[in-house]
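Engineer: This is the structure alone, sequence omitted:
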């Protein structure tokens, strides 16, 4: 696969479209598989995907499909299907992953099962661990599409594959670092969304920048504690997939997770917000997984626990913050 | 000193005033020593310090001095004198520190000598290492004065002293964690100002949020590399004194360091900005120290090096960013 491979991007949302156009613009042989016929036609006929990536002209040589797709022709698969739909999506479409190489660009933890995305691909689709990489970090799709400087990390237990991903995705606007810590990168990318809900509550309650910086920092501390218990390298969480992505999400006016938190901070009840959301923000599911994994691995997750209680039991956020601030005196690293 | 100690805050700027009022409000016996007679009179007569902490009413029982100060009566000293003036200030005022306990709340590295603040107090004033603590983290003075939630870290090689500092500074708005890593906390607090200049350049050039998050993350990575070489605990940099303070400074519209960077990013020459600054932003000095310490400890400091060249040699920031983005492919942790 390391030469002249054909690349399939799976998923035609903002991130999938942006990455597909990025790769195609460097002369690679790239196809994108999307769900909706209209999106497919718009990409092929107009070189735009205005519903998901407004106002961006896509690379000329990008070809889109929504059916009649010869999945078996592609050796390198780039996944952007949202976490909660991965298992059903690949199953329904009959996409076989055995012997493929896959770069996952989605973030999250599967609800109920609490599986990482790598586990879904390995268990349900017999993808080899050494054929799996994750590409993650602070990367708003629209900014990548506009050639704004972006740095991310490609992690794989297979060093050669990580370096290959680094090589094909890099250009002068898009810098890729490598890592061997897939678990750490996946956990950081998933759990940041829970802390983003907390950051939104901080914003909604106007608690100020000192509190928000502390929340992000202590949030990263509990993500790290859980990650270490699950086998991650502690230093990964200080990197682009941990800290970097956490910062950009907690400050973003576009983050659906942060904005759910902001509405809660301003006084809306979580149960009412969720009842009216078309697509549930990923951090909502992840808060339950974070709580459950914390219990399973016996790791203190004070912020995630409060967010879980706020989201699923309508706990008063003022009371939740009081509970956080009145915990026993602690050392910073424990 | 662990009971009924009299506390002297040295320095009547925003941070000194805010901390003095915070401690006094909890019933402690606190005096603040300030430089200017007017500031002293305003604190004593009006319970305000409007030049440095506009619109805040200070604690009733706070007493200010600018002369006739019996320094020897105080067993616990809280330093807020800016880094570059510490050595001359304590010398000029004849303040003897032998046998005192000192909590340092200033941040920076002494220029030319490239000494940490702990080294200044130990070498020039014979302060015992075990009598030194640093209190640091994301803590805008004005927000602390307004009782906005704030979390910081108290670090000392003397665990009991760190816990004492934790105990006397904590209340329901102000949460203190302990650490034994004074070196890591000092380096993080100093070098964040260099990265804040870089973040300002990013803002001035409108490079976007992906680039800024990456800059903060890679900035923290090089701070960590230097800190580890100087004997710090790697995990300290993911904490409140590292990451936490870095975030708040890089996003702050109040940071003088970030705003120097923003002006450079918009096209002003560093030499012209510095020629007209009343008080030079701390990160300007620190960029030279970071560069020199990087060379001394043989640590790659790519961002700090570019900032040093921009600040002291008017290097074009566009060229500096190109140089950063075109470095060899790297692993994330090295």
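Structural biologist: Thanks, I have the structure now. Everything numeric here is computed off the predicted structure, so don't read it as measured data.

Engineer: what pLDDT, on average, does the longest helix belonging to chain A get?
Structural biologist: Taking DSSP state H as the criterion, chain A has its longest helix at helix A:182-204. Mean pLDDT, computed over helix A:182-204, is 97.

Engineer: anything in the very next helix or strand once past that helix near chain B?
Structural biologist: Next in sequence after helix A:182-204, counting helices and strands by DSSP states H and E, comes helix A:209-229. Yes - using Cβ under 8 Å from any Cβ of the partner chain, helix A:209-229 reaches chain B at A:209-214, A:216-218, A:220-221, A:224. From N, CA and C alone the C-beta is placed, and that goes for glycine too.

Engineer: Double-check residue A:6 against residue A:78; I have them as touching.
Structural biologist: No - with contacts counted by Cβ atoms under 8 Å, residue A:6 stays clear of residue A:78, the gap being 11.5 Å.

Engineer: Most neighbours out of the residues of helix A:209-229 next to chain B, which is it?
Structural biologist: Most neighbours among the residues of helix A:209-229 next to chain B, by other Cβ atoms under 10 Å in any protein chain shown: residue A:213, with 31 neighbours.

Engineer: Would you check that my belief about that residue contacting residue B:250 is correct?
Structural biologist: No - taking contacts as Cβ under 8 Å, residue A:213 lies outside contact range of residue B:250: 10.0 Å.

Engineer: give me the low-pLDDT residue ranges for chain A?
Structural biologist: Counting by pLDDT under 70, chain A has low-confidence residues at A:1-4.

Engineer: How are the strands of it distributed by residue range?
Structural biologist: Shown for chain A, the strands assigned by DSSP state E span residues A:7-10, A:30-33, A:63-65, A:76-79, A:101-104, A:132-136, A:150-155, A:174-179.

Engineer: that older thread, for residue B:144, state which of the residues of helix A:209-229 next to chain B is nearest.
Structural biologist: residue A:210 (7.0 Å; Cβ to Cβ).

Engineer: List the contacts of the closest residue to that closest one other than its chain neighbours.
Structural biologist: Among residues not flanking residue A:210 along the chain, residue B:150 sits closest, at 4.1 Å (Cβ to Cβ, 6 or more residues apart in numbering or on different chains). Going by Cβ atoms under 8 Å, 6 or more residues apart in numbering or on different chains, residue B:150 touches A:210-211, A:214, B:137-139, B:143-144, B:173-175.

Engineer: okay, the residues you listed in a markdown table with distance to residue A:167 next?
Structural biologist: Compiled in a markdown table, those are given as follows (distance: Cβ to Cβ, whole Å):
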| residue | distance to residue A:167 |
| --- | --- |
| A:210 | 42 |
| A:211 | 42 |
| A:214 | 39 |
| B:137 | 40 |
| B:138 | 38 |
| B:139 | 43 |
| B:143 | 46 |
| B:144 | 48 |
| B:173 | 51 |
| B:174 | 49 |
| B:175 | 46 |
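
Engineer: Can you give me the neighbour number for the nearest residue to residue A:212 once chain neighbours are set aside?
Structural biologist: Counting by Cβ to Cβ, 6+ apart, residue A:212 lies nearest to residue A:202, which is 4.8 Å off, once chain neighbours are set aside. Neighbour count of residue A:202, defined by other Cβ under 10 Å: 26.

Engineer: do you know how far the residue nearest to residue A:210 is from residue B:248?
Structural biologist: Using Cβ to Cβ, to the nearest Å, residue B:150 is found at 10 Å from residue B:248.

Engineer: got any residues that touch both of those two?
Structural biologist: A:210, B:138-139.

Engineer: gap between residue A:48 and residue A:141?
Structural biologist: Distance, residue A:48 to residue A:141, by Cβ to Cβ: 14 Å.

Engineer: same deal with residue A:125?
Structural biologist: Distance from residue A:125 to residue A:141, by Cβ to Cβ: 25 Å.

Engineer: what residues does stretch A:242-253 touch?
Structural biologist: Residues from elsewhere that reach stretch A:242-253, judged by Cβ under 8 Å, 6+ apart: A:136-140, A:151, A:184, A:188-189, A:192-193, A:195-196, A:199, A:212, A:215-216, A:219-220, A:223-224, A:236-237, A:255, A:257-259, B:209-210, B:212-214, B:216-217, B:220, B:238, B:243, B:247, B:251.

Engineer: surely residue A:188 meets residue A:136?
Structural biologist: Yes - taking Cβ under 8 Å as the definition, residue A:188 is a contact partner of residue A:136 at 7.4 Å.

Engineer: Thank you, goodbye.
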